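quick one, what's the 3D model for this:
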Amino acid sequence: MSPPMAPAGWSRWLVPPAALSVHLSIGQAYAWSVFKPPLESALGLSGTQSALPFQLGIVMLGLSAAFGGTLVERNGPRWAMTVALVCFSSGFLLAALGAAVEQYWLIVLGYGFVGGIGLGIGYISPVSTLIKWFPDRPGMATGIAIMGFGGGALIASPWSAQMLESFGTDSSGISMAFLVHGLTYAVFMLLGVLLVRVPRPVKAAGDGPAALDGPQVSARSAVRTPQFWCLWIVLCMNVTAGIGILEKAAPMITDFFADTSTPVSVSAAAGFVALLSAANMAGRIGWSSTSDLIGRKNIYRVYLGVGALMYALIALAGDSSKPLFVLCALVILSFYGGGFATVPAYLKDLFGTYQVGAIHGRLLTAWSTAGVLGPLIVNWIADRQEEAGKDGSSLYTLSLFIMIGLLAVGFVANELVRPVHPRHHEPAPQPGEPTKKEASDVQ
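Now for the predicted structure:
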């Protein structure tokens, strides 16, 4: 499936909607917490067990993005979006079968493993293309697309809650909800497959480093630089701190204020998940666009430094103020989303656009690690605290202080980022010498 070339006069503003159709679909992953209580009740699972499909999905997202990044660069966005469509929708169908026959391992396999591959390939599918279409505003361009991943739960959370209310919260009702998700997202993602285009080449030197402006670094060389690993730590710490709350958002706010005079209902908890998704979505376009103005390092100083302050406020205030809890959580999730949307532009600044999609895919292994660490820290500590007889906000206090420490580590790593040494730059071909791609085509 060759990349579809844009015809003359094609508007670059048609490409972000194509990316959004895929990212809004796979962004459903952020609404997983809506399914946690029904699954725990229907199948007798613990909080840690019910988080497993989500955790595995995020692990597979990072791994498939890392290993598939070069294929995405080579085969183009339409191929990548098609693979994402097939895997993500098939994962839901397998999960539906697992719920119907009450075999939890099928839900883990479907949603977590197969669907997670769709998450990873779908996530990176438009990034390189968008940066090439918008070289003047890379933060804004990637923010528009990746905004959809953060906003997916804004649609999926109330939609999923309504389906569970209509179909029931037993295993058959969960199965029907998974089935409807899989079929609907297949149709919606198909719009992106049909609409996406790649820009026509501007220079005649091929697509090697000489055809691009500024220093360029290959994916193979990038992973050997300290800058890559500093950014890996930055992304891992920021994601771990945000994803732990996001994955357990609905039960967390319910537990936090269960012993107060104003407990949180199930529908209000689902609304809180939707609010977090809105903040996640807004942060992706708002903060990433801001990074075009103030720089990537400065914006990550905000994400990590102010984010740690927000966690401290939640931990210290406890269940004394619901508005403060909600406000701090919204700020944290806006930083969490902004971190995702800004990192492709940060990579472009450091390594150029030559193989930025493949480099981005490799960096997302940090997300895989965080996808395990964040939910594991929050769920495991909450389970242990509950066994110790604690309840309410005390279930999460230790987790919150751990997140503050992780953000401090990320802040230090961001301070260590420096321009890439010229020895890692790709050499420009001499006149008459073929580019790397031309040479490989001959072979």
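
show me where the stretch 1-150 of the chain has strands.
Applying DSSP state E, counting those that start in this stretch to the stretch 1-150 of the chain gives no strands.

low pLDDT regions in it?
For the stretch 1-150 of the chain, residues meeting the criterion pLDDT under 70 lie at 1-3, 150.

which residues in it form helices?
Ranges of helices in the stretch 1-150 of the chain, per DSSP state H, counting those that start in this stretch, are 15-26, 36-43, 47-50, 52-75, 77-100, 104-107, 115-124, 127-133, 138-167.

ditto for the stretch 201-350 of the chain
Assigned by DSSP H, counting those that start in this stretch, the helices in the stretch 201-350 of the chain fall at 219-222, 226-247, 249-256, 266-294, 296-317, 322-351.

next, give phi and psi for residue 198.
With angles defined as degrees, to the nearest 10, residue 198 sits at phi -110, psi 150.

ok, it touching residue 7?
No - contact criterion CB atoms under 8 Å: residue 198 and residue 7 do not qualify, at 11.5 Å. C-beta: built from backbone N, CA, C; applies to glycine.

not counting sequence-adjacent ones, nearest residue to residue 85?
Distance criterion CB to CB, 6 or more residues apart in numbering; nearest residue to residue 85, sequence neighbours excluded, is residue 189 at 4.3 Å.

one more: residue 146?
residue 341 (4.3 Å).

need the per-residue pLDDT for the one you found.
Looking at residue 341, its pLDDT is 88.

any idea how far residue 329 lies from residue 283?
12 Å (CB to CB, to the nearest Å).

who's more crowded, those two?
Comparing residue 329 with residue 283 by neighbour count (other CB atoms under 10 Å), the higher total belongs to residue 283, at 29 against 24.

correct me, but the more buried one touches residue 338?
Yes - in this structure, residue 283 is within contact of residue 338 by CB under 8 Å, at 4.1 Å.

thinking again about what came up before, please identify every residue contacting each of residue 198 and residue 7.
Here residue 198 and residue 7 share no contacting residue, scored by CB atoms under 8 Å, 6 or more residues apart in numbering.

who's more crowded, these two?
A direct count of neighbours by other CB under 10 Å for residue 198 and residue 7 places residue 198 higher, at 18 against 8.

can you pull the contacts of the more buried one?
3, 4, 5, 6, 76, 77, 129, 132.

again, only using 10 Å
Residue 198 sits next to 2-6, 15, 76-78, 128-129, 132-133 when contact means CB atoms under 10 Å, 6 or more residues apart in numbering.

tell me which of those is nearest to residue 373?
Proximity of the contacts of residue 198 to residue 373 (CB to CB) peaks at residue 128, which lies at 27.7 Å.

where's the closest one relative to residue 352, distance?
12 Å.

quick one on the thing from earlier: make JSON lines from the helices of the stretch 1-150 of the chain and add distance to residue 176 and mean neighbour count to it.
Formatted as JSON lines, the helices of the stretch 1-150 of the chain follow (distance: least, CB to CB, whole Å; neighbours: other CB atoms under 10 Å):
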{"stretch": "helix 15-26", "distance to residue 176": "19", "mean neighbour count": "26"}
{"stretch": "helix 36-43", "distance to residue 176": "12", "mean neighbour count": "19"}
{"stretch": "helix 47-50", "distance to residue 176": "19", "mean neighbour count": "20"}
{"stretch": "helix 52-75", "distance to residue 176": "17", "mean neighbour count": "23"}
{"stretch": "helix 77-100", "distance to residue 176": "7", "mean neighbour count": "24"}
{"stretch": "helix 104-107", "distance to residue 176": "14", "mean neighbour count": "18"}
{"stretch": "helix 115-124", "distance to residue 176": "17", "mean neighbour count": "30"}
{"stretch": "helix 127-133", "distance to residue 176": "34", "mean neighbour count": "25"}
{"stretch": "helix 138-167", "distance to residue 176": "4", "mean neighbour count": "24"}
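
kindly reformat the ones you listed as CSV containing distance to residue 276.
Below are those laid out as CSV (distance: least, CB to CB, whole Å):
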stretch, distance to residue 276
helix 15-26, 16
helix 36-43, 15
helix 47-50, 18
helix 52-75, 15
helix 77-100, 22
helix 104-107, 23
helix 115-124, 19
helix 127-133, 23
helix 138-167, 8
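
relative to residue 397, which of those helices is closest?
Of the helices of the stretch 1-150 of the chain, nearest to residue 397 by CB to CB is helix 47-50, at 16.5 Å.
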